[in-house]
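A.B. asks: sequence and predicted model, in that order:
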Amino acid sequence: MTDKSIPEKTMAELEGEARERARSTMAAQDPTPGIVPGQPEVTRFRKASGHRTLIVSLLSLGVLIALAFAGDRLLGIVKQGDSEEMETAPRSGGTAQQERKNLGMDNNPFGLFGEEKPDVAAENLQPQSTPEPVLNKAAALADNSENVSDAGHEASQSERPGNTPPGEPPDSDATTEENPGVAKITGVRRLGLDPDLYLPVDHYIPCSMMQRFVSDVGGRISCLVSEDVYSASGHVKLLPAGTVARGLYRTGALQHGRSRMFVVWTELRTPEPNSLQIPLVDTEASGSLGEAGVAGWIDTHFWERFGNALMLSTVQDVAAAVADTAPGKDRDTDYTENTRAATAEMAKTTLENSIDIPPTMYLNQGDVIGILTGTDIDFSSVWKLRLQKRWYER
């Protein structure tokens, strides 16, 4: 037999066998299998958790929801029972309230409050005596058509505390009548107008006379608005220049010693096309600074009022002087007495007829007067605003 040569192992095979021997030696030394190398020894006592935590959380949440629902139902049942008991319980009479009155003062143990004990029930049963009517002098002087007794009766009724229902505040008008020094409360309301589409009250509008004005005969007056009129905000032109204002005035409104005349404006008319008729309410003429009335040149008619009387008086004085200087005059006989008496009577009558001639005011064409608006003028029913594009957006 021939001996076969055993092939030598390579380095890789030898290294693998060495690793297997070392691994088997380590496994033989460790009596507890299943421990991952590198982990602490305490981990081998931990049990597999699985989904236990999730299950416990869901069960706890369900228990809490059930407890909340049960508590809500229980509270509702308790409240319903209390309300039913309150409805079925008999209402207590007024004796309990009467027994608590005076807080023990009815007993009067030491005799400090008088000998007789007041009977509360008897007092409640007694009818209240009606107070005598009081004469209200202010109401009697303010309105003569009302009866004085009725006014006094109403005053007594307003002073009686029983008229005011319990739990309600007293009437503010009655309180003001009882206390004249107390000011009334004025409510405030919102105006509610678009500031771009209305003219405010007391707005001054300059206007030029179109015709000559003479105040001797009452009639109509008209003027021409000489400039554009803008809204309360000052952004929108509401009345263009050329708008005509029409008004009224009365004869005899100008009296002696006065230099201004009252004129009322009735309407405004804007120029064509699309002319608007704007009625005016409580709108009067004014000066350039807002003073009421129209001012102009005034003729007082001095010579018409006093000229004739002065002339007759002068004639009478001249006749008397001539009679005194005439030759052969009898000092005991006055031949001009009747003439002088008749002349004096004529002068008196002439003065009475001419003294009441009213003054006359004159205004020429082009004189500037003012229009002072009496109320707010709303243009929202006529004009509508729209957004205007810029020049670079067109």
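C.D. replies: Cool, the structure landed. Being a predicted model, the structure only gives us computed values, none of them experimental.

A.B. asks: least confident secondary structure element in the chain?
C.D. replies: Of all helical and strand segments in the chain, the minimum by mean pLDDT, DSSP states H and E falls on helix 148-159, at a mean of 46.

A.B. asks: my read: C223 touches I205, true?
C.D. replies: No: counting by CB atoms under 8 Å, no contact exists between C223 and I205, whose distance comes to 9.6 Å. Heads up, the C-betas are built off the backbone N, CA and C, glycines and all.

A.B. asks: which neighbours do those two have in common?
C.D. replies: Here C223 and I205 share the contacting residues 245, 371, scored by CB atoms under 8 Å, 6 or more residues apart in numbering.

A.B. asks: tell me which residues touch L224, please.
C.D. replies: Residues in contact with L224, defined by CB under 8 Å, 6+ apart, are 207-208, 210, 242-245.

A.B. asks: of those, keep whichever come out buried.
C.D. replies: Taking 16 or more other CB atoms under 10 Å as the criterion, what is buried in the contacts of L224 is 207, 243-245.

A.B. asks: tell me where this protein has helices.
C.D. replies: Per DSSP state H, the chain has helices spanning 11-29, 52-88, 95-99, 120-125, 137-142, 148-159, 172-178, 302-325, 337-354. These are given in chain order.

A.B. asks: what's the single longest strand in the protein?
C.D. replies: Criterion DSSP state E: the longest strand present in the chain is strand 277-286.

A.B. asks: what comes into contact with it?
C.D. replies: Residues outside strand 277-286 that contact it (CB under 8 Å, 6+ apart) are 204, 247, 262-270, 292-294, 369-375, 377.

A.B. asks: recalculate using a threshold of 7 Å.
C.D. replies: Outside of strand 277-286, the residues that reach it under the criterion CB atoms under 7 Å, 6 or more residues apart in numbering are 204, 247, 262-269, 292-294, 369-375, 377.

A.B. asks: follow-up on the earlier one: possible to save the buried ones among the contacts of L224 as JSON lines with pLDDT?
C.D. replies: Formatted as JSON lines, the entries for these read as follows, by pLDDT from 0 to 100:
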{"residue": "C207", "pLDDT": "94"}
{"residue": "T243", "pLDDT": "95"}
{"residue": "V244", "pLDDT": "96"}
{"residue": "A245", "pLDDT": "95"}
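
A.B. asks: which of the residues you listed sits closest to K384?
C.D. replies: Of all the buried ones among the contacts of L224, the one sitting nearest K384 is T243; the distance, using CB to CB, is 20.1 Å.

A.B. asks: you'd agree the closest one is up against E272?
C.D. replies: No: taking contact to mean CB atoms under 7 Å, the distance of 11.3 Å between T243 and E272 leaves them out of contact.

A.B. asks: neighbour count winner among C223 and I205?
C.D. replies: Counting neighbours by other CB atoms under 10 Å for C223 and for I205 shows that C223 has the greater number, 29 against 22.

A.B. asks: report the separation between G76 and D282.
C.D. replies: As defined by CB to CB, to the nearest Å, G76 lies at a distance of 66 Å from D282.

A.B. asks: brain fart, A309
C.D. replies: Plainly put, A309 is 43 Å away from D282 if you go by CB to CB.

A.B. asks: can you name the residues bridging to T283?
C.D. replies: According to DSSP bridges, W265 are recorded as the beta-bridge partners of T283.

A.B. asks: what about it, how many neighbours?
C.D. replies: A count of neighbours around T283, defined by other CB under 10 Å, yields 24.

A.B. asks: columns distance to F302 on top of the contacts of L224, output as TSV?
C.D. replies: Written out in TSV, the entries for these read as follows (distance: CB to CB, whole Å):
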residue	distance to F302
C207	32
S208	31
M210	31
G242	41
T243	40
V244	37
A245	34
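
A.B. asks: from those residues, which is closest to A342?
C.D. replies: For these, the residue nearest A342 by CB to CB is M210; the value is 51.5 Å.

A.B. asks: the closest one against S222, yeah?
C.D. replies: Yes: applying CB under 7 Å as the test, M210 and S222 come out as touching, 5.1 Å apart.

A.B. asks: next, the buried residues of the longest strand of the chain.
C.D. replies: For strand 277-286, the buried set under the neighbour-count rule, 16+ other CB under 10 Å, comprises 278, 280, 283-286.
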